[in-house]
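# Below are the sequence and a predicted model for it; my questions follow.
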Amino acid sequence: MARFVPGRKYSRAEVQQAVISSPATMGGKWNTGIVEHDGDFFIFANLGVPGRTGHDYDNGWEEDRLRWYHHSESHIEWPQIRRLLDPERRIHVFWRRAKRGLFKYAGEGIPMTVSDTTPVEILWSFNNSKPSEPSYTPTHSHQDLFLPPTDFNRLLTSLKSRKNLILQGPPGTGKTFIARRLAWCLIGHEDDDPIEMVQFHQSYAYEDFVQGYRPNEKGGFDLKSGVFHRFCERARANPDTPHVFIIDEINRGNLSRIFGELLMLIEADKRSEDYAVALTYADPADDRFHVPANVHILGMMNTADRSLALVDYALRRRFAFESLQPAYGTDYGRNAFEEHLTGRGADPALARRISERIGKLNETIANDSELGPGFQIGHSYFVPDHGDEPSDTWYAHIVDTQIAPLRREYWFDSPEDVDNEVARLTADA
């Protein structure tokens, strides 16, 4: 179950996704304002005003007091209320002030006093202190990366100043790995709640990203917010927390169509209501939209991808671009990579052999007039997953199943050269 932070706001869908294990367990209980999951109760209430809970009566909150109506006059005998009053049971309370607004997590509630009248009134005490979060700084990131600290700090500065950054590099240079650590440094601790990640593709559209009409159960269409629109509303509800929206394969989508009018709104100097615009599908009565100042966009781009031409000039002007290189191309990266492998149990000779042979292969790729540095082989191919034991057999398997197919794609018209190169990579392995 996700950890909810007191004082932070969540959409009902976000809470539901975290506490409901499967759609089959939802039933009507979710719509009553109470749901039980793994022995914990979750209460959703309107603050200071009555709110319907799925029955023919209204329930309301006034700060720390709950007024709970029920058709039976024997309120405390109602089994669900009795279970709510169990001092050993954890009650998570969410409330909101406006209809369809975000729910603010009040914390874990403990019933203090109960009045068995019409309606039941419960006075609650809340543990709403935010849990202490261990800080996450660039120093923590440096321990996990094969990137010189000065280079990582430059990436972080670019993301902070421009608010929009694209990491570009050959396959396997750790773009996704670095992106999450940049996000944690920006947030200040390891917290995935203010992070969202999507992957662009040829079918991705404005309706998925910003807003559009979707079919409903009645055979009609409802206006639905896209993933970035919802993310911006989450960030707007928590203005003191940096939020990072990560886009993998950003160059694979039709960017002008996906972003639409947001191409202007994502600019660092236009993150205010002064530049708010009416969205394409929005009702004229709806508020105009702008991207909050605490939203940062972090894109990732594979330089070996032939679709780079789709990254138009309009997007390039709005993003900072930073390039990542394979670790074995620098003294710092090569040493860090070899130390990582030996720390995972690899023979030092194997670690050096990988650096030398893949490094030489990359020189050949970089000097190829039809390829170039953007098609080099990254170090991530040879970073062991959990449970892997880096050995000669492990190395040979990676070359045969991942590096060789990539080389055959690069040099499809020279199969003999590919076979010779693969044999050179795996000699003595």
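Here it is on my side, so go on.

# Not counting its neighbours along the chain, what's nearest the residue nearest to the spatial centre of the chain?
Central residue of the chain (C-alpha atoms, centre = their mean): residue 196, 2.7 Å from the mean position. Residue nearest to residue 196 in three dimensions, not counting chain neighbours: residue 231, with 4.8 Å by C-beta to C-beta, 6 or more residues apart in numbering. In short, each C-beta sits where N, CA and C put it, glycine included.

# Quick check: which ranges of the stretch 51-200 of the chain have low pLDDT?
The stretch 51-200 of the chain contains residues with pLDDT under 70 at 51-85, 87-88, 97-100, 111-133.

# the helices in it, which residues?
Under the criterion DSSP state H, counting those that start in this stretch, the stretch 51-200 of the chain contains helices at 79-84, 138-142, 149-162, 175-187.

# closest one to residue 318 among these?
Among these, the nearest to residue 318 by C-beta to C-beta is helix 149-162 (8.2 Å).

# Could you pull out the buried residues of the closest one?
Going by neighbour count (16 or more other C-beta atoms under 10 Å), the buried part of helix 149-162 is 151, 152, 155, 156, 158, 159, 162.

# Return the residues in contact with the fourth one.
For residue 156, the contacting residues are 138, 182, 185, 186, taking C-beta atoms under 8 Å, 6 or more residues apart in numbering as the criterion.

# likewise the third one?
Neighbour list for residue 155: 165, 167, 178, 182, 322 [criterion: C-beta under 8 Å, 6+ apart].

# again, only this time at 10 Å
Going by C-beta atoms under 10 Å, 6 or more residues apart in numbering, residue 155 touches 138, 141, 147, 165, 167, 178-179, 181-182, 185, 298, 320, 322, 324.

# which one of those has the most neighbours?
Scoring the contacts of residue 155 on neighbours with other C-beta atoms under 10 Å, the highest-scoring entry is residue 298 at 27 neighbours.

# SS state for it?
Taking DSSP: H, G, I helix; E, B strand; the rest coil as the rule, one finds residue 298 in the strand state.

# Unless I misread the structure, residue 321 falls within a helix.
No: using three-state DSSP, the assignment for residue 321 is strand, not a helix.

# how much space between it and residue 364?
When distance is defined by C-beta to C-beta, to the nearest Å, residue 321 is 26 Å away from residue 364.

# Residue 168 too?
From residue 168 across to residue 364, the span is 21 Å (C-beta to C-beta).

# neighbour count winner among these two?
Taking other C-beta under 10 Å, residue 168 and residue 364 do not tie; residue 168 has more neighbours (21 against 15).
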